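Build me a model:
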Amino acid sequence: MFNLDGAQGMALEFTQVRGREDLHDMLREICRQLGCSFYALSHHVDFLGSPGSGLRVHNYPDEWAEWFDHHRLGLTDPVHRASQRTSAGFAWHHVPAMIEMRASDREVFARARRYGIGDGLTVPAHVPGDAHGSCSFAWRRGEVANDEAVVAAQSIANFAFEAARRVHSPILLSPRRLTTRQRECLQWIARGKTDWEISKIMSISEMTVLQHVRDARHRYDAANRTRLTVCALFDGSLHFGDVADLGYPRFLL
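From the prediction side, this is the model:
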């Protein structure tokens, strides 16, 4: 089991990883120290419907990965859904307390056991501009993850995920930066303001508001304003605090 110094050393080693073999060697070493057998670093996407749309590094049995993809569980897997409810790592046996379990969720866990995968732990990995992701380690059937393993994995999982992103996606998309004015217009749009209202709030013409919005849509290749807002929220250019009505004065029309 990791101690604090060991975890810090492993995290530092991940910052130096440059190749796929080194990455897999590091992940195998983590498994050895945690006493588990499997690892999986993945974006939560439909890999069958959109091949190459995300990162995935794992050593799960091929049969399990094929079944998982065939049922398109990238977005609906219970562990993946639970990881979107927290920023901290968690053991899989805690998932029923984190989300509403469906019959299909129980089947996922039952099917994993058939392929020799027992309990596990997952640490969320949410990077602005990327799909949600996670770093997981799993034990063989009949073995249970413990809290010490969760804490140890938490200290290095995000470094591991970032190393995987660097190795498997060396050319990252440049962020689509909004100008200050574009962001301000979008912020008021998200609060439900019309172009005329925004022009009065910002002391600019209505045509200028339209131009700022058009330019912002072009940067994201967004077909409409709703899509533009979602894209900006997704990559962190706009935050939920920007969208919330925090008591700003309403204009009398």
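
Only C-alpha atoms from now on, for both contacts and neighbour counts.
Will do.

For the helix or strand encompassing residue 8, which helices and strands make contact with it?
Using DSSP states H and E, residue 8 maps to helix 4-14. Where contact means 3 or more C-alpha pairs under 8 Å, 6 or more residues apart in numbering; DSSP states H and E, helix 4-14 is packed against helix 147-168.

tell me the mean pLDDT for the helix holding residue 8?
For helix 4-14, mean pLDDT is 82.

repeat for stretch 43-56
Per-residue scores along stretch 43-56 average to 81.

With stretch 166-177 instead?
What stretch 166-177 shows for mean pLDDT is 62.

Give me the distance between the two termini of it.
21 Å (C-alpha to C-alpha, to the nearest Å).

Give me the local confidence score for residue 235.
What the model reports for residue 235 is a pLDDT of 68.

Could you do the one 3 residues further on as well?
pLDDT, the model's per-residue confidence, is 81 for residue 238.

Could you report the neighbour count for it?
Residues near residue 238, counting by other C-alpha atoms under 10 Å, number 20.

on that earlier part again, contacting residues around whichever helix or strand comes after the helix holding residue 8?
Following helix 4-14 in sequence order, the next helix or strand is helix 20-34 (DSSP H and E). Here helix 20-34 makes contact (C-alpha atoms under 8 Å, 6 or more residues apart in numbering) with 1-2, 14, 17, 37-39, 137, 149, 160, 163-164, 167-168.

Could I have the buried ones of these as ChimeraX selection syntax?
Remark: buried members of the contacts of helix 20-34, expressed as a ChimeraX selection using 16 or more other C-alpha atoms under 10 Å:
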select :2,14,17,37,38,39,137,149,160,163,164,167,168
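
Report the two of the contacts of helix 20-34 separated the most.
For the contacts of helix 20-34, the farthest-apart pair by C-alpha to C-alpha is 1 and 168; their separation is 28.1 Å.

With residue 178 as the reference, measure out to residue 237.
Residue 237 is 7 Å from residue 178, by C-alpha to C-alpha.

Pop the domain breakdown of the chain in here.
Per the record, the chain has its domains at 4-168, 180-243, by automatic domain parsing.

which residues do residue 237 and residue 178 both contact?
Common neighbours of residue 237 and residue 178, counting by C-alpha under 8 Å, 6+ apart, are absent.

Would you convert the contacts of helix 20-34 into CSV that also reports distance to residue 95?
CSV is the format used below for these (distance: C-alpha to C-alpha, whole Å):
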residue, distance to residue 95
1, 24
2, 24
14, 28
17, 32
37, 20
38, 19
39, 18
137, 15
149, 16
160, 23
163, 27
164, 25
167, 30
168, 29
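
burial measure for the closest residue to residue 46 other than its chain neighbours, as a count.
Counting by C-alpha to C-alpha, 6 or more residues apart in numbering, residue 46 lies nearest to residue 74, which is 5.0 Å off, once chain neighbours are set aside. Residues lying near residue 74 (other C-alpha under 10 Å) number 20.

which residues does residue 74 contact?
43, 44, 45, 46, 47, 68, 80.

Same check on residue 19?
Neighbour list for residue 19: residue 167 [criterion: C-alpha under 8 Å, 6+ apart].

Not counting sequence-adjacent ones, nearest residue to the residue most central in space within the chain?
By C-alpha atoms, centre = their mean, the chain has its centre lying nearest to residue 132, at 1.8 Å. Nearest non-adjacent residue to residue 132, counting by C-alpha to C-alpha, 6+ apart: residue 126, 5.1 Å away.

For the stretch 151-253 of the chain, which residues score under the pLDDT cut-off?
The model of the stretch 151-253 of the chain has pLDDT under 70 over residues 169-176, 235, 244-253.

which residue ranges form the helices in it?
For the stretch 151-253 of the chain, helices defined by DSSP state H, counting those that start in this stretch occupy the ranges 180-190, 195-202, 206-220, 225-234, 240-243.

These into JSON lines, with extra columns for mean neighbour count?
Formatted as JSON lines, these follow (neighbours: other C-alpha atoms under 10 Å):
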{"stretch": "helix 180-190", "mean neighbour count": "20"}
{"stretch": "helix 195-202", "mean neighbour count": "17"}
{"stretch": "helix 206-220", "mean neighbour count": "17"}
{"stretch": "helix 225-234", "mean neighbour count": "18"}
{"stretch": "helix 240-243", "mean neighbour count": "14"}
